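Colleague: I need the structure of the sequence given here:
(chains A and B)
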Amino acid sequence: MPRAQSVSAPGARGAEEEAPTAYLGRYGRMLLIRLFEAEMHKLFLQGHIHGTTHLSSGQEAVPVGVCSALREDDYVAGTYRGHGHALAKGTDPEALAAEMLGRATGVCGGRAGSMNVIDLEHGLVGCFGIVGGSIAATTGAALSAARQGRVAAAFFGDGAANQGYFHECLNFAQVLSLPAVFVCENNFYGEFTPMATVTAGGEIAERGASYGMPSRVVDGNDLWAVRAAAQEAVERARSGGRPTLLECETYRHYGHSKSDPATYRPEEEVERWLARDPLTVARGRLLDLGVGEGQLVALEEETQAGIDAAVAAALAAPFPDPEQDRAREFAP
Amino acid sequence: MSVLEFRTAIRDAIAEELERDPAVVFFGEDVAAAGGVFKATPELHERFGGERVFDTPISELALAGAAFGAAVTGLRPVIEIMFGDFMGLPMDSLVNQAAKYWYISSEQASVPLVVRSAVGGGGRFGAMHSQTHGTWFQGVPGIKVACPSSPADAKGLLKAAIRDDNPVLFLEHKRLYSLKGPEPERELVPLGKATVVREGGDLTLVSVMKGVGDSLAAADELAADGVEVEVVDLRTLRPLDAETVLESVAKTNRLLAVEEGPRTGGWASGLLGAVAEEALEDLDDLWTLTTPETPIPYSPSLEDDHLPVAGAIAASVRDRLGAGVR
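Modeller: Here you go, the predicted model:
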């Protein structure tokens, strides 16, 4: 269970004074990810989506909270569990759905698929199929970002904290003072293996501290807490060119991939986390802040309708024609 | 005629491109303050400052990952992975990220980065500091592999590599750093174009890097026997210019590819396959001269025997052709 308390109380600058409507939009983005993935799940079972896919349902507050603290032209790199990273940064749901369906209108023309989505127009440097790849890509993007007045953020899982990339790049970013935010989505399982059984030392955040990098554990199911922590980290990166490590504790509602029913997780643990579903938490908070039930229902219906239209358009799009595909090995 | 040293050619190429394009940055282990362990990059740090030329931790994964991420977001990084033998570490960033990006992103961005490394045997460095990694990457679509044989080519190829919009592995043979040769006649040497460095009608000898000089020395030796050898310098392993080799073989009908590396999985056997596939009717004979299928040994007597030096090339030709060349 989460060891972190919500950090949205004292020290969370800018979070509380914002109008609830700002959070309504962020809740809408979380909802978009949840409902989008539910459709992708269906399409996978119907055989329209190929290979495998990794759902992030349950983890939506992390990318939405972090991206809400970034500018549109800032960079992010995500993982193979990357639908939420892409949608949070602004990727068009229709282009993302089309990519997963292997269609010519996909954000990468159907060449990348679910695990490797790239959308530079929206600052998504890429989603990386190799565990830890997003950390490396972000470290490099931060070299460019330092010159451009931008910030680069990496999303990665708890498993990536045991990769060489994690240690090498955090040290590299710290000694070179790069404007990077390293966001660990700790969902407590590396594929099928409990994180605690393969991770020495306890907290991942402490590893950042050992490099002299400001690091903290965040309640990753609390949109407000994630946003507050991210704002602080982004400010540190943009103004001082210094990196931060955020360990956001969260939980995935599905298994690792489409081939994993996740029977290795104790039922009681799953129930405890489902009770803290980030969407339920955010919805309750919005109601407390005075947002009307009617407003929320309208947003939910509107989001679902948008996804239905996006999926229908993506399904109607053609597959890339191998005869017409002008594949070039090299950039001219 | 002024003379250029290979290591100076490397330094000058980087300096000129740093001067020319503010997006070019250069980083690696001991490349800045120390000027490189082979003294190939002195004074660049002083001249261009720490923002553009800097030392990094001994972290090859981070180095290559950073180069990739920087390349797709606006910079043109040149990095040094000190010895080619270390390329197993950054292979993920180069193969899974850099090489694939242009294609799988549907051409959203190219990946202009260069990875320089010292390669090759003959320096008594032992099995983990003497390998040549070109063929480890030769089968990866999206990566270019450059391997110069002279100071002039080193400068022109490196400048072309830095201006190229694709990831380029740039191989510098350790035994060439002190080689002196003529200044380049032109500023850029195009990647993917081989060159005929000596003409002859009896046999085509193909090699790269130090192997080109060894082949030329063997050709001199064989000329005394009345065998006229044509020597082709491939200059890059990917893209591989089989066309120039085919034109030469159409004339000589014999092909020997000399590779400092094992035959299995090497570029030499791949080249023979490509030539045979296209021009079987032109061929009277074709073979390779490579290293044994063992790690590179340390002891001078063992290492000298291991490498396909000039004497070994000449002996291989004599052995193969016998008296029957004419």
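Colleague: pLDDT weak spots in the chain?
Modeller: Since no chain was named, I'll use chain A. Scanning chain A for pLDDT under 70 picks out A:1-17.
Colleague: sorry, I should have been clearer: chain B.
Modeller: In chain B (pLDDT under 70), the answer is B:1, B:323-326.
Colleague: the closest residue to A:Gly58 other than its chain neighbours: what's it in contact with?
Modeller: Using CB to CB, 6 or more residues apart in numbering or on different chains and skipping residues adjacent in sequence, the residue nearest A:Gly58 is A:His253, 3.9 Å away. In this view, the C-beta of every residue, glycine as well, is placed from N, C-alpha and C. A:His253 makes contact with A:Leu55, A:Ser57, A:Gly58, A:Leu274, A:Asp277, according to CB atoms under 8 Å, 6 or more residues apart in numbering or on different chains.
Colleague: name the SS class of A:His253, please.
Modeller: Going by DSSP: H, G, I helix; E, B strand; the rest coil, the secondary structure assigned to A:His253 is coil.
Colleague: got the phi/psi numbers for it?
Modeller: Dihedral pair for A:His253: phi -80, psi -30, per degrees, to the nearest 10.
Colleague: which other helices and strands does whichever helix or strand A:Leu287 is part of contact?
Modeller: For A:Leu287, the enclosing helix or strand under DSSP states H and E is helix A:278-288. Under the contact criterion of 3 or more CB pairs under 8 Å, 6 or more residues apart in numbering or on different chains; DSSP states H and E, helix A:278-288 touches helix A:20-45, helix A:61-68, helix A:223-240, helix A:293-316.
Colleague: chain center to it: distance?
Modeller: 19 Å (CA atoms, centre = their mean, to the nearest Å).
Colleague: quick one, what contacts the residue nearest the centre of chain B?
Modeller: For chain B, B:Cys147 is the residue whose C-alpha lies nearest the centre (CA atoms, centre = their mean; 1.5 Å). By CB under 8 Å, 6+ apart, the contact list for B:Cys147 reads B:Gly134, B:Leu171, B:His173, B:Val208, B:Met209, B:Leu234, B:Arg235, B:Thr236, B:Leu237.
Colleague: quick one, strands of chain B?
Modeller: B:3-5, B:24-28, B:53-55, B:76-83, B:114-119, B:144-146, B:168-173, B:180-182, B:195-198, B:203-207, B:229-233, B:236-238, B:254-262, B:285-291 (DSSP state E).
Colleague: redo these as CSV? Include mean neighbour count and distance to chain A.
Modeller: Output for the strands of chain B, formatted as CSV (neighbours: other CB atoms under 10 Å in any protein chain shown; distance: least, CB to the nearest CB, whole Å):
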stretch, mean neighbour count, distance to chain A
strand B:3-5, 16, 29
strand B:24-28, 24, 7
strand B:53-55, 20, 7
strand B:76-83, 24, 8
strand B:114-119, 27, 13
strand B:144-146, 26, 7
strand B:168-173, 26, 10
strand B:180-182, 14, 29
strand B:195-198, 17, 20
strand B:203-207, 28, 23
strand B:229-233, 26, 21
strand B:236-238, 26, 9
strand B:254-262, 25, 23
strand B:285-291, 19, 26
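Colleague: and of those, who's closest to A:Glu268?
Modeller: Nearest of the strands of chain B to A:Glu268, taken as CB to CB: strand B:76-83 at 49.4 Å.
Colleague: parallel or antiparallel, list what pairs with the closest one.
Modeller: Sheet pairing of strand B:76-83 (DSSP bridges) gives strand B:24-28 (parallel), strand B:114-119 (parallel).
Colleague: closest to A:Thr139 out of those?
Modeller: strand B:24-28 (11.9 Å).
Colleague: how far is the closest one from where the chain is centred?
Modeller: With CA atoms, centre = their mean, you get 20 Å for strand B:24-28.
Colleague: any idea how far A:Val234 lies from A:Asn186?
Modeller: Per CB to CB, to the nearest Å, A:Val234 is found 20 Å from A:Asn186.
Colleague: one more: B:Glu303?
Modeller: Between B:Glu303 and A:Asn186 the computed distance is 50 Å (CB to CB).
Colleague: and for A:Asn221?
Modeller: 11 Å.
Colleague: any common contacting residues for these two?
Modeller: A:Glu249, A:Thr250.
Colleague: for the nearest residue to B:Ile143 once chain neighbours are set aside, what are its contacts?
Modeller: Leaving aside its sequence neighbours, B:Ile143 sits nearest to B:Ala99 (CB to CB, 6+ apart; 4.7 Å). Applying CB under 8 Å, 6+ apart, we find B:Ala99 in contact with B:Val111, B:Val140, B:Pro141, B:Gly142, B:Ile143, B:Pro167.
Colleague: just to check, the last one is in contact with B:Val115?
Modeller: It stands for B:Pro167. Yes. In terms of CB atoms under 8 Å, B:Pro167 counts as a neighbour of B:Val115; the distance is 7.3 Å.
Colleague: okay, and the common contacts of the two?
Modeller: B:Leu94.
Colleague: can you give me the neighbour number for A:Asp73?
Modeller: Residue crowding around A:Asp73 was assessed by other CB atoms under 10 Å in any protein chain shown; the count is 12.
Colleague: gap between the residue nearest to A:Gly58 and chain B?
Modeller: According to CB to the nearest CB, to the nearest Å, A:His253 stands 28 Å off from chain B.
Colleague: re the thing from before, what's the most buried one of the helices and strands packed on helix A:278-288?
Modeller: Most buried of these, by mean neighbour count (mean count of other CB atoms under 10 Å in any protein chain shown): helix A:61-68, with a mean of 29.
Colleague: may I have the helix holding A:Leu287 exported as CSV, CA atoms only?
Modeller: Coordinates of each C-alpha in helix A:278-288 appear next as CSV, following Å, rounded to 0.1, in the frame of the first residue of the first chain:
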residue,chain,number,x,y,z
PRO,A,278,-7.4,7.5,-9.2
LEU,A,279,-10.6,8.3,-11.2
THR,A,280,-12.8,7.7,-8.2
VAL,A,281,-10.5,9.8,-6.0
ALA,A,282,-10.4,12.7,-8.4
ARG,A,283,-14.2,12.5,-9.0
GLY,A,284,-14.9,12.6,-5.3
ARG,A,285,-12.5,15.5,-4.8
LEU,A,286,-14.2,17.5,-7.6
LEU,A,287,-17.6,16.9,-6.0
ASP,A,288,-16.2,18.1,-2.7
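Colleague: B:Gly65 - how many residues pack around it?
Modeller: Per other CB under 10 Å, the neighbour tally for B:Gly65 reads 32.
Colleague: how about the contacts made by it?
Modeller: B:Gly65 neighbours (CB under 8 Å, 6+ apart): A:Gly133, A:Ile135, A:Ala136, A:Ala137, A:Thr139, A:Gly140, A:Tyr165, A:Glu168, A:Cys169, B:Pro90, B:Ser93, B:Gln97.
Colleague: for it, give its distance to B:Ser59.
Modeller: As defined by CB to CB, B:Gly65 lies at a distance of 9 Å from B:Ser59.
Colleague: now do the shared contacts for the two.
Modeller: Common contacts of B:Gly65 and B:Ser59, defined by CB under 8 Å, 6+ apart, comprise A:Glu168, A:Cys169.
Colleague: quick revisit: closest one to chain B among the helices and strands packed on helix A:278-288?
Modeller: Nearest of these to chain B, taken as CB to the nearest CB: helix A:223-240 at 14.8 Å.
Colleague: what parts of the stretch 151-300 of chain A come near chain B?
Modeller: A:Ala152, A:Gly164, A:Tyr165, A:Glu168, A:Cys169, A:Asn171, A:Phe172, A:Val175, A:Leu176 (CB under 8 Å from any CB of the partner chain).
Colleague: okay, and the fourth one sits in which element?
Modeller: Using DSSP H and E, the secondary-structure element containing A:Glu168 is helix A:164-175.
Colleague: got the buried residues for that helix?
Modeller: By 16 or more other CB atoms under 10 Å in any protein chain shown, the buried positions in helix A:164-175 come out as A:Gly164, A:Tyr165, A:Phe166, A:His167, A:Glu168, A:Cys169, A:Leu170, A:Asn171, A:Phe172, A:Ala173, A:Gln174.
Colleague: from A:Ala160, how far out is the nearest residue to the first one once chain neighbours are set aside?
Modeller: Residue nearest to A:Gly164 in three dimensions, not counting chain neighbours: B:Leu61, with 5.0 Å by CB to CB, 6+ apart. B:Leu61 sits 12 Å away from A:Ala160 when distances are taken as CB to CB.
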